[in-house]
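Q: Okay, here's the prediction I keep looking at, along with the sequence it came from:
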Amino acid sequence: MSLNLNGIRSAATKGLVPWTEELAPDCMGVQELKAQDADLTPAMRQIAGMQGFFHHAEKKGYSGVGMYTKLAPSDIVVGLGTPEADEFDREGRYVELRFDKPGRKLSLISCYFPSGSSSEDRQLAKYRFLHIMAPHLRRLREEREFILVGDVNIAHHEKDLKNWKGNLKNSGFLPEERAWMSTLLDPAQGIGLIDVYRQLHPDTTDECYTWWSNRGQARAKNVGWRIDYHLATPALAATARQARIYKDSWFSDHAPLIIDYDLAL
């Protein structure tokens, strides 16, 4: 499962924990914690039998990601860990759990891509992040199998958002962002990741959205965007069996994206 929480403390007051216990996932990636380590209660650190591992932002009430899992990882990578990624590591955007054993290297990643909608400076920061992430994911792809879940803040195709014509010049649907996604998913470009939801549901439109603005009754009118993803290496993507977006109750301005894999960690 992947879910941008828009604040873990807020989501917890809206029923996130009992719902997750009922769903009983094996793994859950979350983004936008908006909390420091000291803010997390025991009920937030361990949910539905899953232990959480987190990358917090230095700035209070901002960003942050987590990955919960029932099985203890063999290693934990917090942040991208390179000098050029330092500005983003300080924002708490990447946590990777590794489940390695002889003959297999496998990772689950929760990642929160920057939004560029607030200012030109943040859009430039988003481009810097994309510039860093492409070679990082290419190297990772060469070394191990992985599933990256998270809020990518990019709608790839016209079918991925309601009002695509009105957003051609807006962050999240800019030509440069969409081209980056195409490169990420193109095997000829050397990365060749799979958009797992689209593998299972290639043609959905109104049903595919995972985020709605708080303005203009966007949720009531289903004026949404598909910006939350599972991005997987081909071998892991091939084990995906079904995908669903949970909209019966709301813990955030995003909806949980749940994909079942026939995969043993």
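A: Thanks, I have it. Numbering: from 1, shown residues only.

Q: For residue 246, which residues are in contact?
A: With contacts taken as Cβ atoms under 8 Å, 6 or more residues apart in numbering, residue 246 has the following neighbours: 255-256, 258. Every residue, glycine included, has its C-beta placed from N, CA and C.

Q: Between the residues you listed, which sits nearest residue 145?
A: Lowest distance from residue 145 to these (Cβ to Cβ) belongs to residue 258, with 20.2 Å.

Q: Give the closest residue to the closest one in space, chain neighbours not counted.
A: Distances taken as Cβ to Cβ, 6 or more residues apart in numbering put residue 1 closest to residue 258, at 4.8 Å, once the chain neighbours are dropped.

Q: coming back round to it: strands - which of the contacts of residue 246 land there?
A: Restricting the contacts of residue 246 to those inside strands, with DSSP state E as the criterion, leaves residue 258.

Q: Pull the number of nearby residues for the residue nearest to residue 258.
A: Taking other Cβ atoms under 10 Å as the neighbour definition, residue 1 ends up with a count of 20.

Q: So for it, what's the pLDDT?
A: On pLDDT, residue 1 comes in at 97.

Q: Could you pick out the longest helix of this structure?
A: Looking across the chain with DSSP state H, the single longest helix is helix 120-143.

Q: So for that helix, mean pLDDT?
A: pLDDT averaged over helix 120-143 equals 97, rounded to a whole number.

Q: Summarise which helices and strands it is packed against.
A: Judged by 3 or more Cβ pairs under 8 Å, 6 or more residues apart in numbering; DSSP states H and E, the packing partners of helix 120-143 are helix 86-89, helix 175-185.

Q: May I see the ones you listed organised as a markdown table, with mean neighbour count and mean pLDDT added?
A: As requested, the helices and strands packed on helix 120-143 are exported to a markdown table (neighbours: other Cβ atoms under 10 Å; pLDDT from 0 to 100):
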| stretch | mean neighbour count | mean pLDDT |
| --- | --- | --- |
| helix 86-89 | 17 | 98 |
| helix 175-185 | 16 | 97 |
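
Q: Count the neighbours of the nearest residue to residue 240 once chain neighbours are set aside for me.
A: With Cβ to Cβ, 6+ apart as the measure, residue 196 is the residue that lies nearest to residue 240, at 4.9 Å, once sequence neighbours are left out. By the other Cβ under 10 Å criterion, the neighbourhood of residue 196 contains 23 residues.

Q: ok, now which ones touch residue 196?
A: Taking Cβ under 8 Å, 6+ apart as the contact definition, residue 196 lies against 147, 229-232, 237, 240, 243, 259.

Q: Let me know the outermost residue of the protein.
A: Distance to the chain centre peaks in the chain at residue 102, reaching 28.2 Å (criterion: Cα atoms, centre = their mean).
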